[in-house]
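Q: quick one: sequence and predicted model below, then my questions.
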Amino acid sequence: MSTDSSTHAGNRKVKGIRDPIYGLISIDEELISSPYFQRLRYVVQNGMAYLVFPSMRHSRFEHSLGTYYQFQKISEKLRDYVKDELELVGKLALYHDIGHLPFSHTFEYSFEVLRYLNRELYEEILKKVTGETQKQTAKLHEYMGMRILREIKEEEVADLMKGVYQGGGQNDLVGLATLIINSKDLDIDRLDYLQRDSYYSGTKYGLLPVDRLWDFEIVKKNEKFKYLFRLKSIDDLEHYFLARYHMYSSIYNHCVVEIFNRIMAFLIAKLIADGFIKPEEIYEPSRFLNFTDDSILAALKVAVERKEEYRPFYESIYLRRKYSRAMLTGDEAQNLKSILEDKSEAEPIYSELVRLNGSAVIGANEIVMESQNILIRKDEHVKLSLNESREVNLPSKRYKVCIGVYDSKAMETIINLFKRYHISLNFRNS
């Protein structure tokens, strides 16, 4: 992605940035000039997926620009509801990922591990990041996004982000921004990353009829904003949900990708617990500015020179030595996922993983397509919820659990551990 041209609109300098998905994206240069936004160039979009799909080295920077482009395409549909705050919604579209930590969501997985490695440190960092002592109501990068936005004096955008990602205090502005940026089913965030990740992975799943998906109205039903599509859009909506389903099943939750993500997550947690990553790098805005993917890789190089126990991580990440893997699907995967989500039930499993020091990892996923924000106009008088329409087919749930082991010793331990849960594992190396 490279700068193409610059023009002046009033006192604003508008840049044209070339993008492989959309062509030319026009944007006010001042919006992207913050060092915190430029930092996103050095945070990879899809964690460790590039170790399986080599071209998936694109960053949160490109995705953020793409989401902003999607906003530009539908912004006129919002004007009747948030005319005075339209620019504010656009800024949130652009900055929605500004708080992402190194390796994106993979970093957030690391906190699941840190909780078992060092509970006190885990709670200390979590409180610093979230500012909450009770239940965590947003993701780590969303909390950091709010902090960074306040740091760069974008208070209104930070307040809107809080409303969209933490809920509560609903008003028209928050409701509409939630619908188009973070609706959980169809939004501009997903419309960009599905296309972008499909392009860079070299797969075709994410090829979407976006121009037809833009063909909607925004309406209010039961005090909530919804998309209203015409009946002829059903095929395009099904295409979108199927594309999303297969991107998760085949790319994001690909078993080798999942295992590499969990290896990196364990590594990050261990680097924090062992002091190779300082807690303030995570939550202090001034330190966060330079906290990127390179920070983790540099810390690993230092750690492996000092402690041989980091050797499996080094060989896996730098030399791409794959762990042997086993995969569970269907009922077995669903049952194990339920066990892993129950803290008391999962304690023996996570304790064993900690004892094995990263030579065994587990990733559990549930792929589910739901729609609560889409209405279909069957005629001029009838509006029907997509969930209630038998004319629209949504993919069924799919469960997948991937287990990776570094060596035969870890394999034997994990096989015996899972026998307690009446689960038989068959590992493969390729």
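A: Nice, thanks for sending it over.
Q: how many other residues sit next to residue 184?
A: A count of neighbours around residue 184, defined by other CB atoms under 10 Å, yields 12. C-betas here are computed from N, CA, C, even on glycine.
Q: and it, helix, strand or coil?
A: Per DSSP: H, G, I helix; E, B strand; the rest coil, the local secondary structure of residue 184 is coil.
Q: just checking, it touches residue 369?
A: No - in this structure, residue 184 is not within contact of residue 369 by CB atoms under 8 Å, at 10.3 Å.
Q: now residue 18, what's its secondary structure?
A: Here residue 18 is strand, with the state taken from three-state DSSP.
Q: for it, the count of nearby residues, please.
A: That count, for residue 18 with other CB under 10 Å as the rule, works out to 13.
Q: now swap in residue 420 and tell me
A: Counted by other CB under 10 Å, the residues lying close to residue 420 total 9.
Q: for it, which non-adjacent residue is spatially closest?
A: Of all residues not flanking residue 420 in the chain, residue 348 sits nearest, at 7.7 Å (CB to CB, 6 or more residues apart in numbering).
Q: check which helix or strand the one you found maps to.
A: helix 343-355 (DSSP states H and E).
Q: just to revisit the earlier point, please tell me the pLDDT value assigned to the residue nearest to residue 420.
A: Residue 348 carries a pLDDT value of 89.
Q: count of neighbours near residue 52?
A: Neighbour count of residue 52, defined by other CB under 10 Å: 19.
Q: return the distance of it relative to residue 319.
A: Taking CB to CB, to the nearest Å as the measure, residue 52 falls 15 Å from residue 319.
Q: ok, now residue 84?
A: 55 Å.
Q: same question for residue 396.
A: On the measure of CB to CB, residue 396 and residue 319 end up 39 Å apart.
Q: and residue 112, by the same measure?
A: Using CB to CB, residue 112 is found at 26 Å from residue 319.
Q: between those two, which one's more packed in?
A: Just comparing residue 112 and residue 319: by other CB under 10 Å the higher neighbour count belongs to residue 112, 16 against 8.
Q: can you give me phi and psi for the nearest residue to residue 152 once chain neighbours are set aside?
A: With CB to CB, 6+ apart as the criterion, residue 152 has its nearest non-adjacent residue at 5.3 Å, and that residue is residue 34. Residue 34 adopts backbone torsions of phi -60, psi 140, taken as degrees, to the nearest 10.
Q: what is the neighbour count of residue 395?
A: Neighbours of residue 395 using other CB under 10 Å come to 16.
Q: so it sits in a helix?
A: No - Residue 395 is assigned coil when assessed by three-state DSSP, not a helix.
Q: ok, now which ones touch it?
A: By CB atoms under 8 Å, 6 or more residues apart in numbering, the contact set of residue 395 is 241-242, 245, 367, 369.
Q: go again with 7 Å.
A: Contact analysis of residue 395 by CB atoms under 7 Å, 6 or more residues apart in numbering lists 241-242, 245, 369.
Q: list only those of those residues flagged as buried.
A: Neighbour-count burial (16 or more other CB atoms under 10 Å) applied to these gives 241, 245, 369.
Q: from those, which land in helices?
A: Among the buried ones among the contacts of residue 395, the ones falling in helices (DSSP state H) are 241, 245.
Q: make CSV from the buried ones among the contacts of residue 395 and add pLDDT to it.
A: Compiled in CSV, those are given as follows (pLDDT from 0 to 100):
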residue, pLDDT
241, 95
245, 95
369, 90
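Q: could the buried ones among the contacts of residue 395 go into JSON lines alongside distance to residue 14?
A: Formatted as JSON lines, those follow (distance: CB to CB, whole Å):
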{"residue": "241", "distance to residue 14": "35"}
{"residue": "245", "distance to residue 14": "38"}
{"residue": "369", "distance to residue 14": "38"}
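Q: re earlier: nearest to residue 418, of the contacts of residue 395?
A: Of all the contacts of residue 395, residue 418 sits closest to residue 245, with 27.7 Å by CB to CB.
Q: so that closest one touches residue 369, yeah?
A: Yes - counting by CB atoms under 7 Å, residue 245 touches residue 369, with 5.6 Å between them.
Q: in the stretch 1-150 of the chain, mark out all the helices, start to finish.
A: Assigned by DSSP state H, counting those that start in this stretch, the stretch 1-150 of the chain shows helices spanning 35-38, 60-74, 79-82, 86-95, 105-117, 119-130, 140-151.
Q: mind giving me the packing neighbours of the fifth one?
A: Packing partners of helix 105-117 (3 or more CB pairs under 7 Å, 6 or more residues apart in numbering; DSSP states H and E): helix 119-130, helix 140-151, helix 255-273, helix 343-355.
Q: fine, thanks again, bye for now.
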